[in-house]
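Undergrad: fold the following and give me the result.
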Amino acid sequence: MINKEQIAAGYRLIQDEICHALENLDGKCKFEEERWERDGGGGGRTRVIQNGNLFEKGGVNFSAVHGKLPASMQKALKVEHEDFFATGVSIVIHPNHPMVPIIHMNIRYFELPASLGGDGQPVRWFGGGIDLTPHYIIDEDVRYFHQNLKAVCDRFSNDFYTRFKTWADDYFFIKHRDETRGIGGIFYDRLTATDELSWDTLFEFSKAVGRSFIPTYSELVNRNRHKTFTEAQQQWQYQRRSRYAEFNLVYDAGTKFGLETNGRIESILMSLPPTAKWLYNFQPEVGSEEERTLGLLKKGINWA
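TA: As a prediction, this is how the structure comes out:
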């Protein structure tokens with residue numbers, strides 16, 4: 001059965017693959033790497049790309065940390081153990097082009113020591129997901145994105161896409177705005193082995209989600225990177241980035257986990273955009289693409 005060291009090694013490899021591909025896609029900048037150690041146990045590799053041909057700011061982070069869970073996190077996770085191990089890869093890319101979408105991906109594994117039930121097995125689960133936040137919703141791009149995710153999910157279970165797409169709609173929802181962060185994707189947490197799906201299979205699924213990132217995002221980038229845009233469209237991009245920042249600071253579970261477990265603050269907040277704007281009571285022009293985009297930031301749309 002797959003163990004935590006093998007999972008961490010697999011995730012490190014995926015980080016390497018994605019960084020190499022994104023550097024080639026941008027064509028100008030290279031990732032800067034900072035290796036860090038966490039007080040209490042473990043560490044990671046923070047990799048950031050900035051001021052490129054296309055990527056204004058992006059991060060592809062790997063971490064494998066262990067130690068003691070604060071009481072607040074034990075309560076939040078509904079566990080009675082304080083020792084933990086967590087590893088994963090987390091990605092956020094903010095392009096400088098308003099027609100190229102923001103993208104986020106996370107694949108992760110969490111483990112607690114032998115369960116209190118006495119079977120000698122650790123409490124463990126996989127989590128993760130990938131979602132898209134277009135500044136302007138382009139229907140054929142959104143369909144392509146969701147169809148690719150469905151194809152990945154269908155390789156492992158016929159019900160994964162429907163379950164995880166609904167989960168993403170609910171999770172990536174900005175309650176105080178009554179709108180979704182973007183057009184969703186898939187999201188899952190506490191995914192455990194069953195009679196039909198072994199731990200090894202779940203790890204293969206996790207890696208498949210991770211490796212879907214580059215072909216999917218590269219296609220979306222190349223479809224749109226050479227389109228012309230106006231200053232007004234750039235300003236709209238900054239406003240959409242502000243919604244992204246609001247979600248990550250108010251609702252994102254990964255941000256909360258990192259802060260509560262004394263994670264590295266620069267790595268935790270690398271998801272925030274370099275420039276965002278909050279204009280007071282902005283109302284898009286009736287019939288505009290901006291108004292149309294806002295109207296499609298809803299749960300339950302069948303994009304696939």
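Undergrad: wait, Glu290 sits on Trp236?
TA: Yes. Using CB atoms under 8 Å, Glu290 is in contact with Trp236, at 5.5 Å. In short, each C-beta sits where N, CA and C put it, glycine included.
Undergrad: so for those two, which residue has more residues nearby?
TA: Higher neighbour count among Glu290 and Trp236: Trp236, with 22 against 19, using other CB atoms under 10 Å.
Undergrad: who does the residue most central in space within the chain bridge with?
TA: Centrality entry for the chain: nearest residue to the mean C-alpha point is Met105, 2.7 Å, by CA atoms, centre = their mean. Taking DSSP bridges as the rule, Met105 bridges to Ile91, Ile130.
Undergrad: count of neighbours near Val286?
TA: Val286: 6 neighbours (other CB under 10 Å).
Undergrad: for the host helix or strand of Glu17, what is the average pLDDT?
TA: Taking DSSP states H and E as the definition, Glu17 sits inside helix 4-26. Averaging pLDDT along helix 4-26 gives 97.
Undergrad: so which elements touch that helix?
TA: Packing partners of helix 4-26 (3 or more CB pairs under 8 Å, 6 or more residues apart in numbering; DSSP states H and E): strand 42-50, strand 55-68, strand 83-95, strand 102-114, helix 199-224.
Undergrad: helices and strands around the second one, which ones?
TA: With contacts defined as 3+ CB pairs under 8 Å, 6+ apart, strand 55-68 has these neighbours: helix 4-26, strand 42-50, strand 83-95, helix 265-268.
Undergrad: with Gly300 as the reference, name the closest of the ones you listed.
TA: Closest to Gly300 of the helices and strands packed on strand 55-68 is strand 83-95 (CB to CB; 24.9 Å).
Undergrad: and the gap between the nearest residue to Ser157 once chain neighbours are set aside and Gln234?
TA: Counting by CB to CB, 6 or more residues apart in numbering, Ser157 lies nearest to Leu197, which is 6.8 Å off, once chain neighbours are set aside. Counting by CB to CB, to the nearest Å, the gap from Leu197 to Gln234 is 45 Å.
Undergrad: please tell me how far Tyr217 sits from Leu249.
TA: In terms of CB to CB, Tyr217 sits 24 Å off from Leu249.
Undergrad: between those two, which one's more packed in?
TA: Between Tyr217 and Leu249, Tyr217 has the larger neighbour count (other CB under 10 Å), namely 25 against 13.
Undergrad: could I get the contacting residues of that one?
TA: Applying CB atoms under 8 Å, 6 or more residues apart in numbering to Tyr217 gives the contacts 93, 103.
Undergrad: what do you get for Asn53?
TA: Neighbours of Asn53 in contact, by CB under 8 Å, 6+ apart: 26-29.
Undergrad: pretty sure the residue nearest to the centre of the chain contacts Val209?
TA: Yes. Met105 is within contact range of Val209, at 7.4 Å (criterion: CB under 8 Å).
Undergrad: okay, now Pro274: neighbour count?
TA: Neighbours of Pro274 (other CB under 10 Å): 12.
Undergrad: since we're on the closest residue to it other than its chain neighbours, how many residues are nearby?
TA: Counting by CB to CB, 6+ apart, Pro274 lies nearest to Lys57, which is 4.6 Å off, once chain neighbours are set aside. Around Lys57 there are 20 other residues, counting by other CB under 10 Å.
Undergrad: again with Glu291
TA: 12.
Undergrad: same check, this time on the one 4 residues further on
TA: Gly295: 11 surrounding residues under other CB under 10 Å.
Undergrad: roughly how far apart are the residue nearest to Ile18 when sequence neighbours are not counted and Ile103?
TA: With sequence-adjacent residues excluded and distances taken as CB to CB, 6+ apart, Ile18 is closest to Val60, at 5.4 Å. Distance of Val60 to Ile103, given as CB to CB: 11 Å.
Undergrad: give me the more crowded residue out of these two.
TA: Comparing Val60 with Ile103 by other CB under 10 Å, the one with more neighbours is Val60, at 27 against 24.
Undergrad: if I look at the more buried one, how far off is Arg225?
TA: Counting by CB to CB, the gap from Val60 to Arg225 is 19 Å.
Undergrad: surely Leu132 is in a strand?
TA: Yes. Under DSSP: H, G, I helix; E, B strand; the rest coil, Leu132 sits within a strand.
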